[in-house]
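Student: give the three-dimensional model of this entry:
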Amino acid sequence: DKQKALSQACTVTVKQHNESNRSMPRPSSKVKVGTFVTVKIHALYPQDVVRNYFPRAVEDAQMLFKVVETGVAGMQRRPKRAAVERSDFLRLYSPHIDEPVLVLPSHAVYAPDGADESMNPPEQTPEQPHLHPEATPLHAAPAEAASSSMQTDVDIMLGGLTLSDFVAAASAENPESLDEDYRIDDEEEDWEDDVDDHAPPPISLPTEPISHQDATFDPVWKESYEDLREQAHKEQWRPHRQGPRMKPFCTSPFDYYKAFLPLCYLARIISLSNRFLPARIKPFTVCEFLKFIGMRMLMANFNNGVLREFFTAPSSKSETDIYPYLGKIMSRDRFMQYSTKLVFADPDLKEQGDKFWQVREMIFEFNDNMNTIFVAGLHMCLDESMAYGTVEGSPGWMVVNRKPWPFGNKYHTVADALTHIIMSMEIVEGKDAHKPPDLLDETGSRIPALVSRMTRPWWNSGRIVHCNSGFGALQACKCLRERGLYTTTVMKRKKYWPRNIPGDFAESSAKSWEVGTSKALRGQLKMSVAADKFEFDLCALRESKFISLTVSTWGTGEKVDHKRVRRHPTTGALLDVRYPDQLHAYYRSRHAVADNNNLRHRGHFELEWRSQSWAYKQFAFMLAVCEINALLAYNYFEKQKKQQFTPYTLNQFRKGVQQKLFDNTIGVEQQAESQQEAESQQEADRPQRILQSAAAHTHCLVSKKPHEGKFLNRFDANGNPVFKRGSLYCKYRCNGCGTPVRTYCKCDPRRTLCVECYAAHRAELAVLNLQV
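Tutor: Numbering: from 1, shown residues only. The predicted model follows:
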């Protein structure tokens, strides 16, 4: 591997001893940066790499090099040796070799006193190559006495090789002394006259493409370049120019909240829950469900609130009590029924072995509702969100220490960069996945399949997706480009650089740039089909403390007017920096999901919903996202309608939504109509039911025995009614007049009757018999 071998070339160890009285100057004291030297090819190191560039070079072939670095690597102490050794190195540059090469600084490499170190050809100074991380300037080495007698014994440590191996290889090729392989250009002559006949032409920028794995890059860094979107693309891939908008017309906070809330899914939850409710519990309704959500929203305003305080009567509270009374909206028992009896998916799906069967329909309905009511802008952000959960062992539960909420379930989310509204989500299943994830390329990477699923609603729309380093893969950019989307993705080195990204080369090239300089290399990825090609730009930005690398499939590199302040790493002076268009858009868009998460965390909606049910936690996460989306949409779109508009805070927005949820009548009219029809049908069938009951049972006024509670609508083998076990003497009221009694007619144990109402009941039966 050429690059690996060259990157490892770093250390030349010099061991000095005092054995003779003759004085000798330091080997690198005359070889300075900027000096041009002529070196025989067979003396360059590593030899195997050099032979790949010059396979037919003769023994005496020479090349002209420029010294780009001289120095020491620091003080070292080898094992089992007490002597302290110093590491010297001399690195040379030539346009015919991709990276600087290492040369042996033998004692013959000397320049006479007064040698000029600035013998550079005019306008031909190459860029500063990559320096070894341990390298220090030559003047940083400890000064040695010039009069001291010394003998130089040199060992080269590279990839396990020593000087003896290097000398043996060099001697086998050329028996001449290594001292004759170097010549210092130190005379004041014209540069053309000083070049040997076999020397290469003057140094210039490389002209051949740079190859790295499966990608090929242009040899020259450019500050401006052609926008890849303006090339020959299909019509449906034209860039999207329209900003974000809402399809339904909304004016009030409740209108926005109701639009972002998937009401169809809430009705589905009520329908499923009523199917599995016990007979003793009154059926749920959508109207009550929205009131329940409003109460949960109100409780979230009180951090670490106690549930019983919200249902304590005002007469029992002190004057300093801050908790509002919610018992007038819904009783505590009814509130607990909604907190424990909801069913979020059909339980038949559980038999398929899918651990996420309770949330799949929830996520699908959220994404479908967002795709229906909201149209995204040009820029989008792909990032991660955490759903709070403390139940270890639940499906997909994980610990992500870098997150503000490290415990819970992780979601991949897509947000609009301008409004910060989350438009799509997908839960990370991890080891609990029901089926293996989709793979789109031969490398086996999951990132291309992930970004493809997350951006499916916006395929062929020409939008731009901004991704952080967690999605940094060149194959993912290629996947989005094939589906009509553009991208800007950050590339970072974890253990290795992402595939096909020459990160070390880009960083070494950008280290010599001024702070704020940004350049790009146009790259092309090799495809299996020769006719197909994927072009991209590898952009490098020189920051104060690091080099930022991004891969972009759009933009021209034109500097925007917005200025950013950076500090010079050496002088500490403040500099005004202007970013290119694609990097400026990335830095303005990358926090879209994070800002949405920050607002959601501050709302405490999930934290105050203290449920141990994993499904309830995911449902609370979805409701919290809907709430923050509605707040962001209200502030953004209402500001465009009104010239003087003050954005709402989360508490102000909640106040505008809570009272509307408490007073809502959604589904009440339909429920009243269906209940009226059922009652009318029941009244029509009542005489017939009474006659049938009179024929089957004897009419007799019977009193309930101790511990007999509610009638369970069934009879035992002897024909006696079966009652639910209750208190010693259950309290009931007459169905006719409301008098507290415990008697009933034997024909209908469901109806509690006093003596007067029992007489009226018998008289009614007599009239019905006469009519029949």
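
Student: tell me the pLDDT of the spatially closest residue to Arg332 that is not a sequence neighbour.
Tutor: In space, not counting the residues next to it along the chain, Arg332 is nearest to Phe311; the distance is 4.2 Å by Cβ to Cβ, 6 or more residues apart in numbering. Where you see a C-beta, it was placed from the backbone N, CA and C, and this is true even at glycine. Note on Phe311: pLDDT of 90.

Student: just give me the neighbour total for Phe311.
Tutor: 18 (other Cβ atoms under 10 Å).

Student: state the distance from it to Tyr616.
Tutor: 20 Å (Cβ to Cβ, to the nearest Å).

Student: repeat for Arg566
Tutor: Here the distance between Arg566 and Tyr616 works out to 47 Å (Cβ to Cβ).

Student: cool, Gly408 as well?
Tutor: Applying Cβ to Cβ, the value for Gly408 to Tyr616 is 13 Å.

Student: neighbour-wise, which of the two wins?
Tutor: When Gly408 and Tyr616 are compared on other Cβ under 10 Å, the one with more neighbours turns out to be Gly408, at 25 against 18.

Student: next, that one: secondary structure please.
Tutor: The assignment at Gly408 comes out as strand when based on DSSP: H, G, I helix; E, B strand; the rest coil.

Student: in this structure it contacts Gln618, no?
Tutor: No - using Cβ atoms under 8 Å, Gly408 makes no contact with Gln618, being 9.5 Å away.

Student: give the residues shared as contacts by these two.
Tutor: Overlap between the neighbourhoods of Gly408 and Gln618 consists of Ala387, taking contacts as Cβ atoms under 8 Å, 6 or more residues apart in numbering.

Student: before we move on, back to that, quick one: the residue nearest to Arg332 from Leu418, how far?
Tutor: Phe311 sits 43 Å away from Leu418, taking Cβ to Cβ as the criterion.

Student: same check on Asp348?
Tutor: On the measure of Cβ to Cβ, Asp348 and Leu418 end up 42 Å apart.

Student: more crowded one of the two?
Tutor: When Asp348 and Leu418 are compared for neighbours, Leu418 comes out ahead with 17 against 8, by other Cβ under 10 Å.

Student: list the helices and strands the host helix or strand of Ala415 packs on?
Tutor: Secondary-structure assignment from DSSP states H and E places Ala415 in strand 407-416. For strand 407-416, the elements it packs on are strand 379-388, strand 398-399, strand 422-427, helix 447-454, helix 592-603, helix 614-641, judged by 3 or more Cβ pairs under 8 Å, 6 or more residues apart in numbering; DSSP states H and E.

Student: note down every partner strand of the second one and its orientation.
Tutor: Going back to what we said before, that points to strand 398-399. When pairing is defined by DSSP bridges, strand 398-399 lines up against strand 407-416 (antiparallel).

Student: by how many degrees do the partner strand and strand 379-388 diverge?
Tutor: Note on geometry: by axes from the mean of the first three to the mean of the last three Cα atoms, to 10 degrees, strand 407-416 and strand 379-388 are set 160 degrees apart in direction.

Student: spell out, range by range, the strands that occur in the stretch 451-600 of the chain.
Tutor: Along the stretch 451-600 of the chain, the segments classed as strands by DSSP state E, counting those that start in this stretch run 464-467, 486-491, 518-525, 534-542, 547-552, 559-567, 574-580.

Student: so, low pLDDT: which residues of the stretch 401-550 of the chain?
Tutor: Applying pLDDT under 70 to the predicted model, the residue ranges of the stretch 401-550 of the chain that meet it are 436-444, 527-532.

Student: what does the stretch 101-250 of the chain give?
Tutor: Per-residue confidence of the stretch 101-250 of the chain (counting by pLDDT under 70) places the weak regions at 102-207, 231-242.

Student: mind running it again at 80?
Tutor: Applying pLDDT under 80 to the stretch 101-250 of the chain flags residues 101-210, 230-243.

Student: and the pLDDT for the closest residue to Arg245 other than its chain neighbours?
Tutor: Across the structure, with Cβ to Cβ, 6+ apart as the measure, the residue nearest Arg245 apart from its sequence neighbours is Val375 (4.9 Å). Among the per-residue scores, Val375 holds a pLDDT of 93.

Student: phi, psi for Val375 please.
Tutor: Taking degrees, to the nearest 10, you get phi -110, psi 120 for the backbone angles of Val375.

Student: which residues does the closest residue to Arg590 other than its chain neighbours bridge with?
Tutor: With Cβ to Cβ, 6+ apart as the criterion, Arg590 has its nearest non-adjacent residue at 5.7 Å, and that residue is His466. Listed beta-bridge partners, His466: Cys381, Thr488 (assigned using DSSP bridges).

Student: wait, His466 sits on Leu480?
Tutor: No - with the criterion set as Cβ under 8 Å, His466 and Leu480 do not qualify as a contacting pair; they are 11.1 Å apart.

Student: list the residues that are in contact with both of these two.
Tutor: Counting by Cβ under 8 Å, 6+ apart, the contacts common to His466 and Leu480 are Thr487.

Student: just give me the neighbour total for the closest residue to Ala376 other than its chain neighbours.
Tutor: Using Cβ to Cβ, 6+ apart and skipping residues adjacent in sequence, the residue nearest Ala376 is Asp416, 4.8 Å away. Applying other Cβ under 10 Å, we find 28 other residues in the vicinity of Asp416.

Student: over to Leu92?
Tutor: Applying the criterion other Cβ under 10 Å, we find 23 residues in the vicinity of Leu92.

Student: how much space separates it from Phe65?
Tutor: Distance of Leu92 to Phe65, given as Cβ to Cβ: 4 Å.
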